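Undergrad: quick one, what's the 3D model for this:
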Amino acid sequence: MIVVGVDGSVTARAAVEWAANDAFRMRVPLRIVHAVDRTPYQIHKFPTPWLSDALAGEGQRILREAAALARERQPSIEVTTQDVEGLPAAVLREQDKEATEIVVGCRGRGGFAGALLGSVSVHVAGQARCPVVVVRGDHRPVRGEVVVGVDDSPECEPALAYAFEQARLRGATLRVLHAWQLPVHAFAPEAAYDLDEVREAQHRLVSDRVRVFASDYPEVKVVEEAPSAHPVDALTTASGQADLLVVGSHGRGGLGSALLGSVSRGVLHHARCPVAVVRAEF
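TA: Okay, the predicted model is just below:
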């Protein structure tokens with residue numbers, strides 16, 4: 001099942017369209033979720049029953065419109081709606097117990113994604129156990145390409161597996177990109193580096209990663225790249241010609257898995273296409 005969060009915003013509509021299309025490709029049901037967050041309006045000394053009714057009515061309207069949009073986009077998929085009381089981030093985080101994928105818009109009305117990379121996006125993408133897709137509101141022509149970023153850690157493998165499956169479902173080319181940079185001490189005069197050897201090693205790293213999955217997806221055309229560039233810059237550039245950009249999330253720090261990695265965070269800020277963040281388990 002795919003879960004999409006809605007709040008009535010333009011990008012939430014784009015998220016519904018994206019989720020409906022993916023539900024059709026995956027042949028799974030679509031659940032549309034709206035969070036009713038009453039906390040900004042709760043003043044215990046001055047109860048306002050009419051406001052509670054208004055919030056509930058608005059939520060139902062948003063869900064009806066989203067369901068109609070999903071059925072219009074993909075009439076054959078099963079669509080259900082759910083109005084849930086609570087903070088949007090917590091509501092969506094709870095959905096990952098059943099969801100194959102969670103989809104949100106990149107900007108909302110202070111609800112599911114109040115900013116390009118607001119607290120909700122950070123919380124859900126950093127903690128959800130399933131892939132989280134952040135969708136922009138602009139309509140782009142189909143490019144026929146999925147891009148995935150890989151590195152030298154095993155934590156990138158869930159993202160690579162997800163990207164292969166997305167490319168297969170879409171009949172798209174998969175571009176596997178490993179951006180690398182020489183360490184700072186490589187530029188010291190006394191350090192000798194053979195750049196050809198370094199490039200060859202980086203290309204070999206990509207090939208080794210791809211080989212693990214390629215035999216299971218013989219129908220997917222794979223393009224391998226290992227540019228010498230900052231990962232965020234390289235992935236952002238590649239996103240300009242992609243239908244979907246896939247990155248892993250294995251950020252570390254004081255909050256552990258609650259943090260997105262710096263590359264995931266940077267890509268979410270700057271990518272020009274929908275971004276799927278696939279969390280690695282620890």
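
Undergrad: now the strands for the stretch 1-150 of the chain?
TA: 2-5, 30-36, 79-85, 101-105, 132-135, 145-149 (DSSP state E, counting those that start in this stretch).

Undergrad: how about TSV for the ones you listed, with mean pLDDT and mean neighbour count added?
TA: Every residue, glycine included, has its C-beta placed from N, CA and C. Listed next are the strands of the stretch 1-150 of the chain as TSV, based on pLDDT from 0 to 100; neighbours: other CB atoms under 10 Å:
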stretch	mean pLDDT	mean neighbour count
strand 2-5	96	28
strand 30-36	93	24
strand 79-85	93	16
strand 101-105	92	28
strand 132-135	92	26
strand 145-149	96	27
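
Undergrad: take those strands and write them to JSON lines, including distance to residue 213.
TA: Listed next are the strands of the stretch 1-150 of the chain as JSON lines, based on distance: least, CB to CB, whole Å:
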{"stretch": "strand 2-5", "distance to residue 213": "22"}
{"stretch": "strand 30-36", "distance to residue 213": "27"}
{"stretch": "strand 79-85", "distance to residue 213": "32"}
{"stretch": "strand 101-105", "distance to residue 213": "19"}
{"stretch": "strand 132-135", "distance to residue 213": "20"}
{"stretch": "strand 145-149", "distance to residue 213": "10"}
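
Undergrad: give the contact list for residue 149.
TA: Contacts for residue 149 (CB atoms under 8 Å, 6 or more residues apart in numbering) come out as 156, 159, 177-179, 231, 234-235, 245-248, 263, 267.

Undergrad: if you set the cut-off to 10 Å instead, what comes out?
TA: 156, 159-160, 163, 175-179, 231-232, 234-235, 238, 245-248, 263-264, 267 (CB atoms under 10 Å, 6 or more residues apart in numbering).

Undergrad: then residue 242?
TA: So residue 242 contacts 140, 143-148, 172-173, 175, 235, 271-275 (CB under 10 Å, 6+ apart).

Undergrad: pLDDT below threshold where in the stretch 101-250 of the chain?
TA: Low-confidence segments of the stretch 101-250 of the chain (pLDDT under 70): 107-122, 182-199, 202, 250.

Undergrad: helices of the protein, start to end?
TA: For the chain, applying DSSP state H gives helices covering 10-26, 49-73, 88-95, 119-127, 157-170, 195-214, 231-239, 262-270.

Undergrad: need those in JSON lines (columns: mean neighbour count).
TA: Formatted as JSON lines, the helices of the chain follow (neighbours: other CB atoms under 10 Å):
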{"stretch": "helix 10-26", "mean neighbour count": "22"}
{"stretch": "helix 49-73", "mean neighbour count": "15"}
{"stretch": "helix 88-95", "mean neighbour count": "22"}
{"stretch": "helix 119-127", "mean neighbour count": "22"}
{"stretch": "helix 157-170", "mean neighbour count": "21"}
{"stretch": "helix 195-214", "mean neighbour count": "14"}
{"stretch": "helix 231-239", "mean neighbour count": "20"}
{"stretch": "helix 262-270", "mean neighbour count": "20"}
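
Undergrad: before we move on, the earlier item: of the contacts of residue 242, which is the nearest to residue 79?
TA: Nearest to residue 79 among the contacts of residue 242: residue 274, at 20.1 Å, using CB to CB.
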